[in-house]
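K.L.:
Structure for this input, please:
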Amino acid sequence: MEEPHRQIEREMQTHLQTTSQLTSFSTHFTSQFDFHNAISYGDGFAFFLAPVGWPIPPNSGSSLLGLYNSNTQSLPIIHIEFQIGLNNDVYSPYQHMGININSSSFSNSTPWDATLHNGDFADVWISYDSKTKDLSVSWEYQRTGSPVENNFLSYKADLSDALPQRVMFGFTSTTGVYSLSPFISVWEFDTSLSI
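P.N.:
Here you go, the predicted model:
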């Protein structure tokens, strides 16, 4: 099994300790999956927020996406997962996009057949509204979108309860024993509190 890969770009505050003011944030990225014409393929990737300096746990490949392992199932981590691999386990029972709050199990998810969009670019928007406490994700394909597919997901979460005051954020991915090339070509991020 291949080891997870993580790219961390920045850190930010989730809330001000003195006033308990939460941050709002938004991020946009353009991604592409290439399955290399394989029948079986790797697991997926996630956008995550985690405590600053959080290491990749050992044995955290496959559907755990480099964030958890069998000994660390509940942690101060939030991630939006794009799960492609079918592992027949409790973490990834089907291809899906999911919002995970402090757990390797998703809090909310929607089925997602990534194979229909092999090689296409998807624009993804993730946002958190500190007033409504809504964490939402939406996505749109440039060539292969379908009006019958769900392309929106949301979940209510209080960042000050789910995360420490300072977090790092970025992307993590795992491929397992199969082939997968997730590619991020554009990434933008904005927050209401100073980074």
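
K.L.:
Residue ranges in this protein under the pLDDT threshold?
P.N.:
1-9, 34-42, 56-70, 72-74, 85-94, 175-182, 194-195 (pLDDT under 70).

K.L.:
in the chain, which spans are strands?
P.N.:
Using DSSP state E, the strands assigned to the chain run over residues 5-13, 25-34, 44-51, 78-83, 96-101, 108-111, 121-129, 134-141, 152-156, 166-174, 181-191.

K.L.:
which one of those is the most hemmed in?
P.N.:
Among the strands of the chain, ranked by average contacts under mean count of other Cβ atoms under 10 Å, first place goes to strand 78-83 (a mean of 25). In this view, the C-beta of every residue, glycine as well, is placed from N, C-alpha and C.

K.L.:
any idea how far it is from the chain center?
P.N.:
3 Å (Cα atoms, centre = their mean, to the nearest Å).

K.L.:
List the contacts of it.
P.N.:
31, 43-50, 63, 65, 67, 92, 95-102, 106, 112, 114, 126, 135, 137, 157, 159, 162-163, 172, 182 (Cβ atoms under 8 Å, 6 or more residues apart in numbering).

K.L.:
right, and the strands of the chain - which one's nearest T19?
P.N.:
strand 5-13 (11.6 Å; Cβ to Cβ).

K.L.:
before we move on, back to that, mind putting the strands of the chain into a markdown table with distance to T19?
P.N.:
Shown next, in a markdown table, are these (distance: least, Cβ to Cβ, whole Å):
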| stretch | distance to T19 |
| --- | --- |
| strand 5-13 | 12 |
| strand 25-34 | 17 |
| strand 44-51 | 20 |
| strand 78-83 | 22 |
| strand 96-101 | 23 |
| strand 108-111 | 29 |
| strand 121-129 | 18 |
| strand 134-141 | 21 |
| strand 152-156 | 21 |
| strand 166-174 | 16 |
| strand 181-191 | 16 |
